[in-house]
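# Predicted model and sequence below, questions to follow.
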There are 2 protein chains.
Amino acid sequence: MGEFRLDPITARWVIISNEKSLGPKDYKVENPDIRGEVCPFCEGNEKLTPPEVDADRPTGTEPDTPGWITRTVPNKYPILENESNLDKAGRGIFDMMNGVGQHEVIIESPDHNKQLADLSIEQIIKVINVYKKRSIELSRDERFKYVLIFKNYGLSAGASLEHSHTQLISLPIVPKRVMEEFKCVQDYYAYKERCILCDIVRQEDEYRHREVFDNKDFIAFCPFASRSPFEISIIPRKHKAYFTDITDSEIESFAKILKDTLTRIKKVLGNPPYNFIIHNNSVNGENIECYHWHVELMPKLSKIAGFEWGTGFYINPTPPELASRYLREVK
Amino acid sequence: MGEFRLDPITARWVIISNEKSLGPKDYKVENPDIRGEVCPFCEGNEKLTPPEVDADRPTGTEPDTPGWITRTVPNKYPILENESNLDKAGRGIFDMMNGVGQHEVIIESPDHNKQLADLSIEQIIKVINVYKKRSIELSRDERFKYVLIFKNYGLSAGASLEHSHTQLISLPIVPKRVMEEFKCVQDYYAYKERCILCDIVRQEDEYRHREVFDNKDFIAFCPFASRSPFEISIIPRKHKAYFTDITDSEIESFAKILKDTLTRIKKVLGNPPYNFIIHNNSVNGENIECYHWHVELMPKLSKIAGFEWGTGFYINPTPPELASRYLREVK
């Protein structure tokens, strides 16, 4: 089982995998081919994944058989495992805890050749419904404090399989990054009695020079302090602390803006690798009502190098006002 | 000129480059060749760089002519520029300041075909002396709060030129990453009246299972909470708040442990790309006497993907106890 270790110099946790540890030889292949011979996510290959935990499939069909529309399975190589109780310990001056968590893969469609941007709005609605359903399900386990939904598309953005999928992982601690957001959101609220994300939505709506696309429920724009070129924020117009409170009508709007944004990125940047992350509230603990869930979408175009490691800053050579113009104007 | 922008949701600054902004076409080349036709860092090509600010060269020779042993020049494409006063501003709810700073390149040797690991101890001593000399020089400018020294080796670690070089950049703010270290170091000191890095050195010396190499003045080991596989910390045994207080005898020990560690990485991992960063105290401001300078060295073997972006955590599939064994045992 993996374990969490706390770096005492930065108060940052890392997850160390102790079981299938990788040695030097595992790192020597620079560009492994992610198109394996047999895709475990394709219809007909259901036996190649762990047994499904959820599927949208015709009534009467058996689990782990063909015919499904979306399918959720435990990750075969989980970052964290769900088999024991949370166990905290010190080791000399160091702190650690075991790597308890649940790590699932949402297979977005049976079609190997369609990426998320290529799916129909109806299919993307089904995918978002799975995000919501599994998030609610995993939040029920009181050992967990956070449920993270993220997608890696393309090898250099961390995808190890080509077939379109999203990952969902529950964590026993609220991640550092989320705590930083909580602090800023709370400080702003304490000072102004307003939500900072609501204020940002208002300002971007008015300014428009960073906007990419919007609809009645969401706005997509390149954020003022974009860390990476062509970074996009997708924020719901209505203040909601929890992603899981999204309504059916909002899911439809979310599906539309997601497809639109991904399609623009694909056209402008030539199908780049990307990551997207749903930033959600924590669960089973200190939940922040003034938080406002949102999506972060980053094409993988630049590198993390010595400057970024040394400072925690990012250097972005494409101003968001320029990036959003390309994305807005593409046909 | 670039500008600093503050992300109000995470209190993280980014640097946006406004001048030589990159559009979509600039990102489409996946693997540019970093071996240009003419190397601007080679002897004889001195006119291809901005005029040198420092050089170790025989007395009587002219600046920007051949014959040098090390040579420091302003970066031709600086992240930040040194031409105006620091200027802070708000833009709606957003905060920014102009990108004032000084960005230099230290060319480590005239030999195009030798990387830092291949240089003689005598030459590495000269390089470290330049790190020290330029850090002191740049600290004199009171607009700057931090001087960062870092090295990117190899394309995927961010190097854009093959000829061995280190970068040095002065910044008008103390980086987020350094502030995080300051907070932990100060909290620990307030609680125990001891330096946390001194305690770590003591513990690693005793434990030895994470050690890579050591000498009378330095210890190199894979840190307990390594973020990336084969990450190495190099820490001076003696508590010193400032890298710039390093003595001649310590510089010799530092050169030896650096060459040894880089050679081990090269042998075990097959010459991987890497980043190294000198973590130093801040200057001209709130300097932390209980800080302890050190070096962070990370081979570039894993990817930053959705999980890392979403959490601020890292997943490391190679436990430091395993990595250090490979590094220790290599011949």
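In hand now; what should we look at? Numbers count the residues shown, from 1 in each chain, chains lettered A, B, ... in the order given.
# all strands of the stretch 51-200 of chain A, in order?
Taking DSSP state E, counting those that start in this stretch, the strands of the stretch 51-200 of chain A run over residues A:54-56, A:70-74, A:88-91, A:94-98, A:102-107, A:146-153, A:165-171.
# Which among those strands is found nearest to chain B?
strand A:146-153 (3.1 Å; C-beta to the nearest C-beta). In short, each C-beta sits where N, CA and C put it, glycine included.
# just to revisit the earlier point, and of the strands of the stretch 51-200 of chain A, who's closest to B:Glu180?
For B:Glu180, the closest of the strands of the stretch 51-200 of chain A is strand A:94-98, at 16.2 Å, according to C-beta to C-beta.
# any idea how far stretch A:293-308 is from the chain center?
13 Å (C-alpha atoms, centre = their mean, to the nearest Å).
# Kindly report the same for stretch A:200-208.
Here stretch A:200-208 is found 24 Å from its chain centre; the criterion is C-alpha atoms, centre = their mean.
# For the stretch 151-300 of chain A, which residue gets nearest to chain B?
For the stretch 151-300 of chain A, C-beta to the nearest C-beta, closest residue to chain B: A:Gly158, 2.6 Å.
# show me the contacts for the residue in the stretch 201-331 of chain A that chain B sits nearest to.
In the stretch 201-331 of chain A, the residue that lies nearest chain B is A:Ala305 (2.6 Å; C-beta to the nearest C-beta). Contacts for A:Ala305 (C-beta atoms under 8 Å, 6 or more residues apart in numbering or on different chains) come out as B:Phe150, B:Asn152, B:Ala157, B:Gly158, B:Ala159, B:Asn275.
# Do you have the strands of the stretch 201-331 of chain A handy? List them.
Per DSSP E, counting those that start in this stretch, the stretch 201-331 of chain A carries strands over the ranges A:211-214, A:218-221, A:232-236, A:274-279, A:294-299, A:314-316.
# A:Ile125: what's it in contact with?
When contacts are counted by C-beta under 8 Å, 6+ apart, A:Ile125 touches A:Ile251, A:Glu252, A:Ala255.
# How about the residues of the stretch 51-200 of chain A by chain B?
Counting by C-beta under 8 Å from any C-beta of the partner chain, the stretch 51-200 of chain A comes close to chain B at A:79, A:91-94, A:148, A:150-152, A:156-159, A:167, A:169, A:171, A:175-178, A:180-181, A:183-185, A:188, A:196-197, A:199-200.
# Buried among those residues? Need that as a selection in ChimeraX.
Remark: buried members of those, expressed as a ChimeraX selection using 16 or more other C-beta atoms under 10 Å in any protein chain shown:
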select /A:79,94,148,150,151,152,156,157,158,159,167,169,171,175,176,177,178,180,181,184,185,188,196,197,199,200
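# residues touching the residue positioned nearest the centre of chain A, list them.
Nearest to the mean C-alpha position of chain A, by C-alpha atoms, centre = their mean, lies A:Phe150 at 1.8 Å. Residues in contact with A:Phe150 (C-beta under 8 Å, 6+ apart) are A:Thr166, A:Gln167, A:Ile169, A:Asn275, A:Phe276, A:Ile277, A:Ile278, B:Ala305, B:Gly306, B:Phe307, B:Trp309, B:Gly310.
# The residues of the stretch 51-200 of chain A next to chain B in helices, which ones?
Counting by DSSP state H, the part of those found in helices is A:176-178, A:180-181, A:183-185, A:188, A:196-197, A:199-200.
# nearest to B:Asn45, of the residues you listed?
The shortest distance between B:Asn45 and any of these, using C-beta to C-beta, involves A:Arg177 and amounts to 43.7 Å.
# what is the mean pLDDT for stretch A:254-262?
For stretch A:254-262, the mean per-residue pLDDT is 98.
# Export only the CA atoms of that stretch, formatted as CSV.
This file holds the C-alpha atoms of stretch A:254-262, laid out as CSV (Å, rounded to 0.1, in the frame of the first residue of the first chain):
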residue,chain,number,x,y,z
PHE,A,254,-21.8,22.1,-18.4
ALA,A,255,-21.7,19.4,-21.1
LYS,A,256,-22.2,22.1,-23.8
ILE,A,257,-19.5,24.4,-22.5
LEU,A,258,-17.1,21.5,-22.0
LYS,A,259,-17.5,20.2,-25.5
ASP,A,260,-17.3,23.7,-26.9
THR,A,261,-14.1,24.5,-25.0
LEU,A,262,-12.4,21.2,-25.7
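# Compile the strands of the stretch 51-200 of chain A into a markdown table and extend it with columns for distance to A:Lys240 and mean pLDDT.
As requested, these are exported to a markdown table (distance: least, C-beta to C-beta, whole Å; pLDDT from 0 to 100):
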| stretch | distance to A:Lys240 | mean pLDDT |
| --- | --- | --- |
| strand A:54-56 | 23 | 96 |
| strand A:70-74 | 23 | 97 |
| strand A:88-91 | 33 | 79 |
| strand A:94-98 | 31 | 80 |
| strand A:102-107 | 21 | 96 |
| strand A:146-153 | 15 | 96 |
| strand A:165-171 | 19 | 95 |
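# Pick out whichever of the contacts of A:Ala305 sits closest to A:Ile121.
Nearest to A:Ile121, judged by C-beta to C-beta, of the contacts of A:Ala305 is B:Gly158 at 39.2 Å.
# can you tell me which residues contact that closest one?
Contacts for B:Gly158 (C-beta under 8 Å, 6+ apart) come out as A:Lys303, A:Ile304, A:Ala305, A:Gly306, A:Phe307, B:Asn152, B:Asn275.
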